[in-house]
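# Generate coordinates for the sequence data below:
(one chain, ligands or ions: 1)
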Amino acid sequence: MNPLYRNDDPGIYPPSWYAASALIGAERAPLRGTEKADVAIVGAGYTGLSAALTLAERGLSVAVIEAHRVGFGASGRNGGHVTSGFNKDQQWLSRKLGDGPARALWDLAEEAKELVGDLCATHAPDARFTRGVMHGDWTEADADDSRRYADWLARKYDYRTQFLDGPEFREICRSPVYAGGVLDMSAAHVHPLRFVLGLATGAEAAGAQIFERTEATRIEGTTIVTPEGRVEAKHVILAGNGYLPGLSRPYAARVMPINSFIAATEPLGDRAAEVLSRDVAVSDSRFVVNYYRLSEDKRLLFGGRESYSIGYPVDILTALRARMERLFPQIAGVNIDYHWGGTLGITMSRLPYISRVAPGVLAAGGFSGHGVALSTLSGKAMAEAIAGDAGRFDTLSTLPVTPFPGGAAARAPLLTLAMTWYALRDRLGF
Ligand SMILES: Cc1cc2nc3c(=O)[nH]c(=O)nc-3n(C[C@H](O)[C@H](O)[C@H](O)COP(=O)(O)OP(=O)(O)OC[C@H]3O[C@@H](n4cnc5c(N)ncnc54)[C@H](O)[C@@H]3O)c2cc1C
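Numbers count the residues shown, from 1 in each chain. A predicted model of the protein is given here:
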């Protein structure tokens, strides 16, 4: 089953608050006939468009092929958290790769957040890049771990976050469930769809061509084949993340699509301060992570549910509302104006897969919930590698990502089993 078409109508943005609050331009023409370009890019999310912008600014010709619309994938519908580091902590990376390589990766992740900030300032000021992300811990043991890790980051990397005990945490995030957590004022949050739309405009202004409603159905060497045409290129970048069906075997063996869901309440007005007293984004220590923040019109944008089959569950909202109201009983019964789902790519290690998957073909995906910053940087790194400077690409390629057991065919049932077990542990509270 193709995740590109399973849950959405072709070319129609999901019914999200983001789509309702962004200025979406007219549809771009699909590709018809043969185009020649230095680089063909599959996918117009952060990865593909950041690559396109970097390449076009360096004078290379670029054709971006997008099955639906710009930002139609995860980039236009995510939680908007621009997070620090990776899905594995730096101590894990140091043990696995050594202190030097782990530090080099941390430095790139730091750069990734600043890159998003800079790109928003230049191309999408309306995305309102805003500093401040909190991590909430459900148990004292988790909070102790967070305190120790905050100390470690300060000592080893001179990276400053603020550990908050339970009462301090609840001053800002007014949920009774948290035992403490960390405030990271270098991480940020954005309006994700406005950011990706701005990236597209910037890439086009620099000379990139974007074809919408055009699926890449096959790759022949470095030529992309589409239903009504082809792009004959010298290089290909695969930037389809969780939506990319089987265009590359090594990629499909390592990156698996899962779905995540978000609800947007009605505007809360003065009640918003009863939920969050500051304009910060929050995620927490649950395996199926809860992630939320306030919109500019004071809705609670609450994400907190996953599904592991390609298709969405029939009823998205009931479970999402239950999670939201467990965290914030003070807004129980509030109207939910929008809810939507999206597909993202995950890997075995939950670290992104950034690799040369065939001669002339680079791919990046599997950002596993850290993609706003890391996909934007990965696109730039792939573009730089093509332009002759592979430094960042080579460092990102050191992230350890192994194929799923059983490959693309058997991974889904095995992973579903494992994920369901961890999700059950969340519910049982251990
Ligand atoms: C609900 C949700 C919440 C999330 N929250 C966060 C968050 O708060 N913070 C965070 O850091 N990350 C979050 N993520 C993850 C993050 O959004 C992604 O990692 C990131 O957007 C990936 O960008 P991308 O450009 O690689 O992929 P996408 O944005 O998914 O773009 C891929 C594009 O490729 C196109 N495509 C795929 N295959 C083809 C083909 N064959 N032909 C043509 N086009 C094709 C698709 O249509 C799609 O538009 C979330 C994801 C979801 C779904």
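
# For the rest of this, base every contact and every neighbour count on C-alpha atoms.
Will do.

# Could you list the low-pLDDT ranges of this protein?
The chain contains residues with pLDDT under 70 at 407-430.

# repeat that for 80
1, 245, 406-430 (pLDDT under 80).

# Give me the domain ranges for it.
As recorded under automatic domain parsing, the domains making up the chain are 3-78+193-254+348-419, 129-188+257-346.

# Nearest to residue 86 among these would be which one?
Taking CA to CA, domain 3-78+193-254+348-419 is the member of the domains of the chain nearest to residue 86, at 6.6 Å.

# rewinding a little: distance to residue 87 added to the domains of the chain, as CSV?
What follows is the domains of the chain, written out as CSV (distance: least, CA to CA, whole Å):
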stretch, distance to residue 87
domain 3-78+193-254+348-419, 6
domain 129-188+257-346, 10
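
# Tell me which of the ones you listed is the most buried.
Most buried of the domains of the chain by mean neighbour count (mean count of other CA atoms under 10 Å) is domain 3-78+193-254+348-419; its value is a mean of 21.

# Next one: it, is it in contact with the ligand?
Yes. Using CA under 6 Å from any ligand atom, domain 3-78+193-254+348-419 reaches the ligand at 42-48, 65-68, 71-75, 77-78, 214-217, 239-244, 365, 367-373, 375.

# Show me these that map onto helices.
46, 47, 48, 371, 372, 373, 375 (DSSP state H).

# mind listing what the second one touches?
Residue 47 makes contacts with 239, 364, 375, 376, 377, 378, 379, 380, as judged by CA atoms under 8 Å, 6 or more residues apart in numbering.

# Find the nearest non-adjacent residue to it, please.
residue 379 (4.3 Å; CA to CA, 6 or more residues apart in numbering).

# Please apply the same query to the first one.
In space, residue 46 comes closest to residue 376 once its chain neighbours are excluded; the distance is 5.1 Å by CA to CA, 6+ apart.

# Would you mind confirming that the one you found makes contact with residue 118?
No. Shown here, residue 376 and residue 118 do not form a contact pair, counting by CA atoms under 8 Å, at 11.3 Å.

# any residues in contact with both of these two?
Common neighbours of residue 376 and residue 118 (criterion: CA under 8 Å, 6+ apart): none identified.

# Phi first, then psi, for the residue nearest to residue 47.
phi -60, psi -50 (degrees, to the nearest 10).

# swap in residue 29?
Geometry field for residue 29 lists phi and psi as phi -70, psi 150, criterion degrees, to the nearest 10.

# who's in contact with it?
Per CA under 8 Å, 6+ apart, neighbours of residue 29: 211, 212, 213.

# try 7 Å
Counting by CA atoms under 7 Å, 6 or more residues apart in numbering, residue 29 makes contact with 211, 212.

# Now do it against the ligand, distance only.
Residue 29 is 14 Å from the ligand, where distance means CA to the nearest ligand atom, to the nearest Å.
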